[in-house]
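# Compute the structure for the input listed below.
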Amino acid sequence: MARNDHENTGRSEEDAADVRLMQLIGRGDTAALEQLIEKHQALVAGTVARMLGSNSDVEDIAQQVFIRVWKSARRYVPRAKFTTWLLKITRNLVFNELRRAKRHAHIPLQPESGAEDPPLKDEANLAPDASLLEGELQQTIEEAILQLPETQRMALVLRRYEQLSYDEIAEVLDLSVPAVKSVLFRARTELRSRLSKYLGGPA
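Residues are numbered from 1 along each chain as shown. Sure, this is the predicted structure:
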């Protein structure tokens, strides 16, 4: 098996490997499920955390995503890229959770201040004030993203953090590509306005 193929070929091989795993899972192969979880849990958990905030039940919701994968495996038809289908399941569970949290407004969706200390290791490479500023900016960006409407938030997370194409985001969100571009434009405009004190100032 040649490992020096073009990136695109690599991607389609990746997808073919996922489809093979899904076929095995459809026959009840739990080892294939474990392999699939190991391969994609960073994508799922990362998306859930950025959508709901780091103090939410990220692990629980990520686990529910893979339970859905297990239950749907027999009926799975690889129409879109596997990760797009996986993110669609993630989107459904995240949107359900956001709606549930809205009904129980006492559940905070934002990280509580001081709930988690920033990692000290990463700061060792930066000058103290630079690292503080960077940490503060990162937290402000994450909090601003958490304030966006759910569809804008999801589109931005998938584009900014997962580098999905407009076509893939459209597939995940059941929107047209022009609608995705419009949603992202609104999300970025809103973010810029919320982050103006960091982004403003003399040129």
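# In the protein, where is pLDDT below threshold?
1-11, 55, 105-133, 198-203 (pLDDT under 70).
# How is it divided into domains?
Annotated domains of the chain cover 1-108, 116-203 [automatic domain parsing].
# Dump the ones you listed to a markdown table, plus mean neighbour count.
To be clear about C-beta, it is placed using only N, CA and C from the backbone, and glycine gets the same treatment. What follows is the domains of the chain, written out as a markdown table (neighbours: other C-beta atoms under 10 Å):
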| stretch | mean neighbour count |
| --- | --- |
| domain 1-108 | 15 |
| domain 116-203 | 15 |
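# got the phi/psi numbers for the spatially most central residue of the chain?
Residue closest to the average C-alpha location in the chain (C-alpha atoms, centre = their mean): Thr47, at 1.9 Å. Backbone torsions for Thr47, taken as degrees, to the nearest 10, come to phi -70, psi -40.
# so it touches Glu162, yeah?
Yes: using C-beta atoms under 8 Å, Thr47 is in contact with Glu162, at 6.8 Å.
# any residues in contact with both of the two?
Residues within reach of Thr47 and of Glu162 at once, by C-beta atoms under 8 Å, 6 or more residues apart in numbering, are Leu87.
# what's near enough to touch the closest residue to the residue nearest to the centre of the chain other than its chain neighbours?
In space, and not counting its chain neighbours, Thr47 is closest to Thr90: 5.5 Å by C-beta to C-beta, 6 or more residues apart in numbering. Applying C-beta under 8 Å, 6+ apart to Thr90 gives the contacts Val44, Thr47, Val48, Val65.
# mind checking how far the first one is from Ile67?
Looking back up the chat, that one is Val44. Per C-beta to C-beta, to the nearest Å, Val44 is found 12 Å from Ile67.
# And the second one, by the same measure?
Using C-beta to C-beta, one gets 16 Å for the distance from Thr47 to Ile67.
# what's the answer for the third one, then?
As defined by C-beta to C-beta, Val48 lies at a distance of 14 Å from Ile67.
# Now Ile141: which helix or strand?
Assigned by DSSP states H and E, Ile141 belongs to helix 128-147.
# what's the distance between that helix and the middle of its chain?
18 Å (C-alpha atoms, centre = their mean, to the nearest Å).
# Mind giving me the packing neighbours of that helix?
helix 120-123, helix 150-160, helix 177-194 (3 or more C-beta pairs under 8 Å, 6 or more residues apart in numbering; DSSP states H and E).
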